[in-house]
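Colleague: sequence? don't have it. structure:
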């Protein structure tokens, strides 16, 4: 065998091995699961076209397909009362208990100087029809240690934003006579 044939044989073997390595690498890259793969979970029957939904407070709505009914929590309604314990200053206010004055509305946290309520720090929607029963209110501005705050209810005027979501608006009116206070510590 000549020197030239020997070199060409070696080149062929090296090219074959390189091809195997590159091919194996490509198979590995394209067959491994992606880290951003999303798994959709449905409640109830796996054959339903539209799954039941769960809001961020883990309240379950009725399955819109009608195949299986999922319990909707009952919004405690009545004359309206709310209890909020003194709590650490922060961007979330935990509600201890609530009896809502209407079937649809908002519970809001407001500045309070001991006599007058001030600006709204945050609000959470409640709704019997959608099973929304807030356990806490996320704030746009955090509470400050040593300050007083009021917790109040607002009516629902049904304003829908451009994204199709209901939003707190100037048309919502505070329900007078129902208020609780707490101190941020």
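Modeller: Looks like it arrived, so ask away. Note that the structure is a prediction, hence the values are computed from the model and not measured. Residues are numbered from 1 along each chain as shown.
Colleague: Please list all residues in contact with residue 86.
Modeller: By Cβ atoms under 8 Å, 6 or more residues apart in numbering, residue 86 lies in contact with 182, 183, 184, 185. Just so you know, the C-beta spots here come from the backbone N, C-alpha and C atoms, and that holds for glycine as well.
Colleague: so what pLDDT did the closest residue to the second one other than its chain neighbours get?
Modeller: Read that as residue 183. Nearest residue to residue 183, sequence neighbours excluded (Cβ to Cβ, 6 or more residues apart in numbering): residue 86, at 4.6 Å. You'll see residue 86 listed with a pLDDT of 96.
Colleague: After the one helix or strand residue 24 maps to, which helix or strand is next? Please name it.
Modeller: Using DSSP states H and E, the element containing residue 24 is helix 3-31. The helix or strand immediately downstream of helix 3-31 is strand 81-83, counting by DSSP H and E.
Colleague: so what pLDDT did the nearest residue to residue 173 once chain neighbours are set aside get?
Modeller: Leaving aside its chain neighbours, residue 173 sits nearest to residue 155 (4.9 Å; criterion: Cβ to Cβ, 6+ apart). The per-residue pLDDT reported for residue 155 equals 84.
Colleague: what stretches of the chain score poorly on pLDDT?
Modeller: 32-72, 158-160, 164-172 (pLDDT under 70).
Colleague: make it 90
Modeller: Scanning the chain with the threshold set as pLDDT under 90 gives 1-81, 101-106, 114, 125, 127-132, 154-179.
Colleague: for residue 5, what are its contacts?
Modeller: No contacts exist for residue 5 under Cβ under 8 Å, 6+ apart.
Colleague: So it versus residue 112, what's the distance?
Modeller: Distance, residue 5 to residue 112, using Cβ to Cβ, to the nearest Å: 94 Å.
Colleague: what do you get for residue 173?
Modeller: 18 Å.
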